[in-house]
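>>> Starting from these lines, generate the structure:
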Amino acid sequence: MRMETDTATIAAVATAMSPSGISIVRVSGPQSWEMVNEIFRTPGGKKNLLEQSSHTIHYGMIWDQGEMVDEVLVMLMRGPRTFTAEDTVEIDCHGGVLVTQRVLEAVMRQGARPAQPGEFTKRAFLNGRMDLSEAEAVMDVIHAQNNFALKASLNQLKGAVAQRVRQLRDRILDAIAFIEAALDDPEHISIEGYADTLSGQLEPMMEEMDYLIRRSRNGRILAEGIRTVILGKPNAGKSSLLNVLSGQERAIVTEIAGTTRDVLEEQIRVGDMGMVIVDTAGIRDTEDLVEKIGVKRAMEEAESADLILYVVDSSVPLDENDREIMELIRDRKAVVLLNKSDLPVSVTVQELLKAVQGHPVISISAKQEEGLDKLEEILKSMFMEGEVSFNDQVMITNARHLACLQEAKKSLEMVRQSIEEGMPEDFFTIDLMEAYTQLGYILGEEVDEDLVNRIFEKFCMGK
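Presented below is the predicted three-dimensional model:
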């Protein structure tokens with residue numbers, strides 16, 4: 001399905017509205033060159049931009065209502081060799097908020113309408129410049145919080161996801177075409193024994209989908225960061241650890257046990273990996289109502305975490321509160337941090353390794369910022385499984401894409417079930433077509449206008 005593109009000329013600020021070296025006002029649409037031509041002047045007088053070649057840059061001034069607004073560089077680009085595949089002009093002006101707004105207003109006075117959020121990228125999609133998965137990757141690139149997420153998004157932007165999806169769709173379409181042709185012309189095309197052939201073709205397709213679905217968890221972690229909950233008894237050093245990892249005094253640290261009563265959340269980077277660190281109230285039996293609520297929230301956060309950092313105070317013997325936490329992390333991904341290595345030791349690494357049954361243990365001092373360099377290496381081995389090289393690999397980072405893949409796989413499983421039950425061949429095409437359609441949703445070839453609008457309205461203005 002291909003929707004029609006709005007033919008209005010649109011304009012927006014394509015850079016952040018804050019003081020900076022330069023700002024870019026982007027104009028796209030059939031009248032973009034003419035509109036900018038009306039407000040552009042060179043030092044020697046008016047210069048006709050309509051007579052200039054595409055993909056050239058011109059120095060001059062923007063004038064509006066009889067006065068000069070700013071000194072600028074104007075980049076002229078004719079479609080389809082532009083981001084939107086339309087005629088486009090980008091005005092590079094000085095980066096002040098007021099002057100940028102004045103340049104934009106000058107363009108608007110010539111008849112351009114304000115661009116909606118994501119409308120430039122939406123036009124690129126509607127004009128066939130990119131498919132929907134590539135368009136969504138544009139926003140993923142903008143919001144990437146770490147190098148892994150950036151590389152995954154760039155791979156998707158270059159068409160890595162689209163290529164794998166198209167290959168699957170082609171194989172499904174070949175099967176549909178053969179069945180339809182054989183049913184229409186049984187005298188010349190025999191369908192006898194095709195069920196066995198199709199069964200053999202389904203297995204590698206479902207294995208491919210399984211592979212992409214399995215890796216989607218890595219993809220989500222890459223895109224959003226490892227959701228990491230810090231657990232431990234009161235005064236074990238959890239808040240100090242959060243402050244060290246985040247590089248700022250994010251949590252209050254005192255000698256008073258139970259200072260942290262609520263959940264604190266911070267997004268950080270450990271090497272190339274992103275982490276969403278959640279500091280929680282210390283876990284212990286307490287009669288304090290507020291602290292009890294904090295402990296309950298800590299437990300709830302731990303249940304949904306990708307990783308638990310269990311902080312143990314090495315200067316205090318293990319007790320029943322520690323046993324409770326150890327039971328909580330028994331079947332979870334966790335790293336045990338034996339904190340306060342700068343103080344006299346009451347708990348050793350060897351004792352803790354035996355108690356936590358297989359979880360890695362690192363001796364650290366959050367106060368002295370020592371021992372945390374080993375954490376990055378452990379996280380890579382736990383979450384990336386040595387697989388992330390990004391040479392030719394595909395990471396599904398988009399929840400919508402994952403849902404479509406899961407539905408497509410279910411449809412192929414229905415085809416396999418029909419084969420096993422000896423159903424007529426025309427039953428196969430129903431579920432094969434559903435799988436084909438679900439994969440088409442990823443590329444934007446089977447989506448309706450409401451879904452497209454919902455996707456692009458989440459984009460930032462000017463993109």
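>>> Could you check the pLDDT of the residue located most distally from the centre of the chain?
In the chain, counting by C-alpha atoms, centre = their mean, E187 sits farthest out from the average C-alpha position, at 51.8 Å. On pLDDT, E187 comes in at 79.
>>> Same check on the one 4 residues further on?
At I191, the predicted lDDT confidence score is 81.
>>> Same check on S341?
75.
>>> quick one: the residue farthest from the centre of the chain is in a strand?
No: counting by DSSP: H, G, I helix; E, B strand; the rest coil, E187 is not found in a strand; it is coil.
>>> That one and V69: what is the separation?
76 Å (C-beta to C-beta, to the nearest Å). In short, each C-beta sits where N, CA and C put it, glycine included.
>>> Okay, buried residues for stretch 45-61 please.
For stretch 45-61, the neighbour count (16 or more other C-beta atoms under 10 Å) marks 47, 49, 60 as buried.
>>> show me the contacts for the last one.
Spelled out, that is G60. Contacts here follow C-beta atoms under 8 Å, 6 or more residues apart in numbering; on that basis G60 touches 40-43, 47, 71-72, 74.
>>> The first one now?
K47 makes contact with 40-41, 58, 60, according to C-beta under 8 Å, 6+ apart.
>>> Farthest pair within these?
Comparing all pairs in the contacts of K47 by C-beta to C-beta, the longest separation belongs to R41 and H58, at 10.6 Å.
>>> mind checking the longest strand of the protein?
For the chain, the longest strand by residue count, based on DSSP state E, is strand 67-77.
>>> Next SSE downstream of it?
Counting by DSSP states H and E, the next helix or strand C-terminal to strand 67-77 is strand 88-94.
>>> any idea of the mean pLDDT in that following strand?
Confidence for strand 88-94, expressed as mean pLDDT, is 96.
>>> name the helices or strands packed onto that strand?
In terms of contacts (3 or more C-beta pairs under 8 Å, 6 or more residues apart in numbering; DSSP states H and E), strand 88-94 is packed against strand 22-28, helix 32-39, strand 67-77, helix 97-108.
>>> Please point out which parts of stretch 409-420 sit buried.
409, 411-412, 414-416, 418-419.
>>> can you put the contacts of K47 in a markdown table and add secondary structure and pLDDT?
Listed next are the contacts of K47 as a markdown table, based on DSSP: H, G, I helix; E, B strand; the rest coil; pLDDT from 0 to 100:
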| residue | secondary structure | pLDDT |
| --- | --- | --- |
| F40 | strand | 96 |
| R41 | strand | 94 |
| H58 | strand | 96 |
| G60 | strand | 94 |
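>>> Spatially, what comes nearest to R169 if we skip its sequence neighbours?
Distances taken as C-beta to C-beta, 6 or more residues apart in numbering place L439 nearest to R169, at 5.0 Å, with adjacent residues excluded.
>>> Could you check how many residues crowd around the one you found?
Neighbour count of L439, defined by other C-beta atoms under 10 Å: 25.
>>> send the alpha carbons of the helix or strand where it lies over as PDB?
L439 is part of helix 425-443, with elements assigned from DSSP H and E. The C-alpha coordinates for helix 425-443 follow below in PDB (Å, rounded to 0.1, in the frame of the first residue of the first chain):
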ATOM      1  CA  GLU A 425      -3.100 -27.300  -0.700                       C
ATOM      2  CA  ASP A 426      -5.400 -24.300  -1.000                       C
ATOM      3  CA  PHE A 427      -5.500 -24.200   2.800                       C
ATOM      4  CA  PHE A 428      -1.700 -23.500   2.800                       C
ATOM      5  CA  THR A 429      -2.000 -20.300   0.800                       C
ATOM      6  CA  ILE A 430      -4.300 -18.700   3.500                       C
ATOM      7  CA  ASP A 431      -1.600 -18.900   6.200                       C
ATOM      8  CA  LEU A 432       1.200 -18.300   3.800                       C
ATOM      9  CA  MET A 433      -0.400 -15.000   2.700                       C
ATOM     10  CA  GLU A 434      -0.900 -14.000   6.300                       C
ATOM     11  CA  ALA A 435       2.800 -14.500   7.000                       C
ATOM     12  CA  TYR A 436       3.700 -12.600   3.800                       C
ATOM     13  CA  THR A 437       1.400  -9.700   5.000                       C
ATOM     14  CA  GLN A 438       2.800  -9.600   8.500                       C
ATOM     15  CA  LEU A 439       6.400  -9.300   7.100                       C
ATOM     16  CA  GLY A 440       5.100  -6.500   4.800                       C
ATOM     17  CA  TYR A 441       4.000  -4.500   7.900                       C
ATOM     18  CA  ILE A 442       7.700  -4.200   8.800                       C
ATOM     19  CA  LEU A 443       8.500  -2.600   5.500                       C
END
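>>> packing partners for that helix?
helix 132-143, helix 160-184, helix 194-224, helix 399-420.
>>> most tightly surrounded among those?
Ranked by mean neighbour count, those are led by helix 132-143 with a mean of 21 (mean count of other C-beta atoms under 10 Å).
>>> Can you show me the strands along the stretch 251-400 of the chain?
Using DSSP state E, counting those that start in this stretch, the strands of the stretch 251-400 of the chain run over residues 264-270, 273-279, 307-313, 334-339, 361-363.
>>> Mind listing residues that contact the last one?
Counting contacts by C-beta under 8 Å, 6+ apart, the residues outside strand 361-363 that touch it are 314, 335-338, 341, 349, 352-353, 371-372, 374-375, 378.
>>> out of those, who's nearest A162?
I378 (34.5 Å).
>>> Relative to G111, how far out is that closest one?
Applying C-beta to C-beta, the value for I378 to G111 is 59 Å.
>>> Could you do D174 as well?
Taking C-beta to C-beta, one finds D174 at 49 Å from G111.
>>> same question, E370
64 Å.
>>> Also V229?
Taking C-beta to C-beta, one finds V229 at 54 Å from G111.
>>> try I364
63 Å.
>>> the more surrounded of the two?
I364 (24 against 14).
>>> Could you pull up the residues touching that one?
Taking C-beta under 8 Å, 6+ apart as the test, what I364 contacts is 241, 337-339, 341, 370-372.
>>> pretty sure D306 is touching M382, no?
No: using C-beta atoms under 8 Å as the test, D306 is too far from M382 to be in contact (9.3 Å).
>>> who touches both of the two?
In contact with both D306 and M382: K333, using C-beta under 8 Å, 6+ apart.
>>> neighbour-wise, which of these two wins?
The residue with more neighbours, out of D306 and M382, is D306; 19 against 15, by other C-beta under 10 Å.
>>> need the contact list for that one.
221, 226-228, 333, 383.
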